[in-house]
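K.L.:
Generate a structure from the sequence data that follows.
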Amino acid sequence: MENTIFILVIALIIADFLVGSGLGFINHRWRKKPVPEAVKDVYSEEKYITYQNYKQETFRLSVITSFITLAATLVMFLGGFALLDNWLRELISAEIALSIIFFAVVGIASDLLSLPFDIYSTFKIEQKYGFNTMTVKTFILDKIKTYMLALIIGFPLLYLIIWLYMTFGDNFWWMVWIVISVFSIIMSLLYSSVIVPIFNKQSPLPDGQLREEIAQLAERTGFKLDNVYVIDGSKRSTRANAYFTGFGAKKRIVLYDTLLNTQSNNEIISVLAHEIGHYKKKHTIKGLIASIIQTGLLLFLFSRIMNYQVLYDSLGVVPGFHIGLIVFVILYSPVSFILSIWGNYISRKYEYQADNYAAEVASGDALITSLKGLSSSNLSDLNPHPLYVKAYYSHPPLIDRVNALKNRS
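P.N.:
Model prediction:
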């Protein structure tokens with residue numbers, strides 16, 4: 001039985017790699033197809049060549065990193081985890097501390113493994129194609145801040161989860177579910193006002209013509225727009241974006257300064273109307289509820305199998321929360337993949353609804369030109385492979401959004 005579990009784990013790791021690599025390959029080949037007529041104006045002939053070159057370089061790097069990640073993962077399951085666990089057990093007797101340090105070592109090792117590729121992607125590829133504006137200092141500070149957040153927030157949360165597991169056994173899952181649910185709600189409320197400022201400066205949108213037009217939009221939609229902020233996204237990248245976060249009194253719309261610098265007022269208003277549409281359709285709350293339900297399912301399944309001795313025998317390790325969780329994540333991966341496909345489908349559906357709302361209260365034509373401008377500046381795929389879209393796209397491809405907006409009028 002131990003061999004069967006071990007073979008299944010290895011097979012799932014390889015299957016996940018093959019599915020991801022296969023979908024990535026067919027999507028890359030699909031880029032050679034002619035650009036659909038409705039979005040042909042997004043790229044000039046020269047920029048289309050730049051787009052193809054950019055995608056070629058990013059695809060090549062993704063292939064290399066995925067192979068190295070696969071090799072590292074297999075090495076860990078073929079004895080690396082057992083060696084690390086045995087070594088830590090010689091140094092640490094407290095089970096909770098053992099699990100936390102185990103996760104810390106694995107997390108830091110994983111981060112160090114990906115670091116050269118992150119540096120190459122940021123300072124070579126993204127720099128070459130005019131996206132990166134991040135300095136080496138900012139890159140290093142971001143890493144330090146990320147580690148500090150993990151230390152201040154992640155470790156105490158992990159300690160509580162492991163303590164609940166050690167104390168309550170099989171019944172721990174619903175207690176952890178409550179803890180994670182409360183944490184998710186708090187983060188949804190405070191993310192933009194507490195976490196984001198650690199990395200970026202956010203300022204209220206200044207008075208002016210745009211602010212007046214936003215006030216008019218607020219009046220038309222019955223949406224209080226006091227909390228419209230501009231974030232200094234140009235500190236790291238030239239890519240433009242906007243997002244909606246929070247709910248109730250903590251709701252906030254955030255516009256990247258790069259968006260303000262590259263789009264007209266009408267286009268920005270259409271983007272804002274899109275974000276308001278997410279709020280009006282309750283997409284944020286629905287997404288949070290779906291995430292909480294999925295977390296409960298994951299924790300329940302984890303509680304059902306984590307005490308099977310055969311899981312640990314298959315890897316030659318002593319039973320423990322950390323090893324049990326790692327093995328479970330691999331065994332759960334097919335379910336996770338299916339749920340992510342469904343989640344992406346719902347997310348794309350929400351995007352269509354928000355687009356439709358923006359067309360009703362602002363301008364569908366302005367939203368189309370805004371989306372085309374964003375796709376052009378970000379060198380986005382104009383016609384990705386349908387299977388790749390179903391598997392990984394949380395937003396519909398540009399061509400589908402343009403056609404949907406045109407067909408509604």
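K.L.:
Please, where are all the strands along the stretch 101-250 of the chain?
P.N.:
Ranges of strands within the stretch 101-250 of the chain are 202-204, 228-231, 242-245, based on DSSP state E, counting those that start in this stretch.
K.L.:
among these, which is nearest Asp118?
P.N.:
Asp118 lies closest to strand 228-231 among these, at 21.6 Å (Cβ to Cβ). Quick note: C-beta positions are derived from backbone N, CA and C, even for glycine.
K.L.:
Low-confidence bits of this structure, can you list those?
P.N.:
Within the chain, the stretches with pLDDT under 70 are 1-2, 226, 409.
K.L.:
And the top helix by length along the chain, how far out from the chain middle?
P.N.:
When the chain is parsed with DSSP state H, its longest helix is helix 321-361. Centre-to-centre, helix 321-361 and its host chain are 10 Å apart (Cα atoms, centre = their mean, to the nearest Å).
K.L.:
Just after that helix, pick out the following helix or strand.
P.N.:
Going down the chain from helix 321-361, the next helix or strand is helix 364-378, by DSSP states H and E.
K.L.:
Run through who's touching that next one.
P.N.:
39, 41-43, 47, 238-241, 262-264, 266-271, 273-274, 355, 358-359, 380, 382, 398, 401-402, 405-406, 408-409 (Cβ atoms under 8 Å, 6 or more residues apart in numbering).
K.L.:
Buried subset of the residues you listed, written for PyMOL?
P.N.:
Here is the PyMOL command that selects the buried residues among these (16 or more other Cβ atoms under 10 Å):
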select buried, resi 39+42+43+238+239+240+262+263+266+267+268+269+270+271+273+274+355+358+359+380+382+398+401+402+405
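K.L.:
so of the contacts of helix 364-378, which ones are in strands?
P.N.:
Per DSSP state E, strands hold no members of the contacts of helix 364-378.
K.L.:
In helices, which of the contacts of helix 364-378 appear?
P.N.:
Residues of the contacts of helix 364-378 located in helices (DSSP H): 47, 262, 266-271, 273-274, 355, 358-359, 398, 401-402, 405-406, 408.
K.L.:
My reading is that Ile253 lies in a strand. Confirm?
P.N.:
Yes - membership of Ile253 in a strand is supported by DSSP: H, G, I helix; E, B strand; the rest coil.
K.L.:
Ile323 reaches Leu315, doesn't it?
P.N.:
Yes - contact between Ile323 and Leu315 holds when scored by Cβ atoms under 8 Å: they sit 6.6 Å apart.
K.L.:
Name the residues contacting each of those two.
P.N.:
By Cβ under 8 Å, 6+ apart, the residues touching both Ile323 and Leu315 are Phe81.
K.L.:
host element of the residue in the chain sticking out farthest from the centre?
P.N.:
Within the chain, the residue lying farthest from the chain centre (Cα atoms, centre = their mean) is Glu90, at 37.0 Å. Here Glu90, judged by DSSP H and E, is contained in helix 81-91.
K.L.:
if I look at the residue farthest from the centre of the chain, how far off is Gln309?
P.N.:
As defined by Cβ to Cβ, to the nearest Å, Glu90 lies at a distance of 22 Å from Gln309.
K.L.:
do the same with His28
P.N.:
Per Cβ to Cβ, His28 is found 44 Å from Gln309.
K.L.:
same deal with Phe155?
P.N.:
As defined by Cβ to Cβ, Phe155 lies at a distance of 29 Å from Gln309.
K.L.:
out of these two, which sits in the busier spot?
P.N.:
Relative neighbour count places Phe155 above the other of Phe155 and Gln309, with 14 against 10, counting by other Cβ atoms under 10 Å.
K.L.:
Which residue, neighbours along the chain excluded, lies closest to that one?
P.N.:
Excluding its sequence neighbours, the residue lying closest to Phe155 (Cβ to Cβ, 6 or more residues apart in numbering) is Ile100, at 6.3 Å.
K.L.:
Which helix or strand contains the one you found?
P.N.:
helix 95-120.
K.L.:
how about that helix: buried residues?
P.N.:
Neighbour-count burial for helix 95-120 flags 95-96, 98-104, 106, 120 (criterion: 16+ other Cβ under 10 Å).
K.L.:
by how many degrees do it and helix 81-91 diverge?
P.N.:
Angular relation of helix 95-120 and helix 81-91 on a 0 to 180 degree scale: 130 degrees, by axes from the mean of the first three to the mean of the last three Cα atoms, to 10 degrees.
K.L.:
Relative to the whole chain's centre, how far out is helix 95-120?
P.N.:
Using Cα atoms, centre = their mean, the offset of helix 95-120 from its chain centre is 19 Å.
K.L.:
Also stretch 318-337?
P.N.:
With Cα atoms, centre = their mean as the basis, stretch 318-337 stands 21 Å off its chain's centre.
K.L.:
which residues touch that stretch?
P.N.:
5, 8-9, 12-13, 16, 19, 77, 81, 85, 89, 95, 98-99, 102-103, 162, 165-166, 298, 301-302, 305-307, 309, 311-312, 314-315, 317, 391.
K.L.:
could I get that stretch in CSV with only the CA atoms?
P.N.:
This file holds the C-alpha atoms of stretch 318-337, laid out as CSV (Å, rounded to 0.1, in the frame of the first residue of the first chain):
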residue,chain,number,x,y,z
VAL,A,318,7.4,10.1,11.1
PRO,A,319,3.8,11.3,11.2
GLY,A,320,3.5,15.0,11.5
PHE,A,321,1.3,17.9,10.4
HIS,A,322,3.8,19.3,7.9
ILE,A,323,4.4,16.1,6.0
GLY,A,324,0.7,15.2,6.1
LEU,A,325,-0.2,18.6,4.6
ILE,A,326,2.3,18.4,1.8
VAL,A,327,1.2,14.9,0.8
PHE,A,328,-2.5,16.0,1.0
VAL,A,329,-1.9,19.0,-1.3
ILE,A,330,-0.5,16.7,-3.9
LEU,A,331,-3.4,14.2,-3.6
TYR,A,332,-5.9,17.0,-3.6
SER,A,333,-4.4,18.6,-6.8
PRO,A,334,-6.9,17.1,-9.2
VAL,A,335,-9.8,18.4,-7.2
SER,A,336,-8.0,21.7,-6.8
PHE,A,337,-7.5,21.9,-10.6
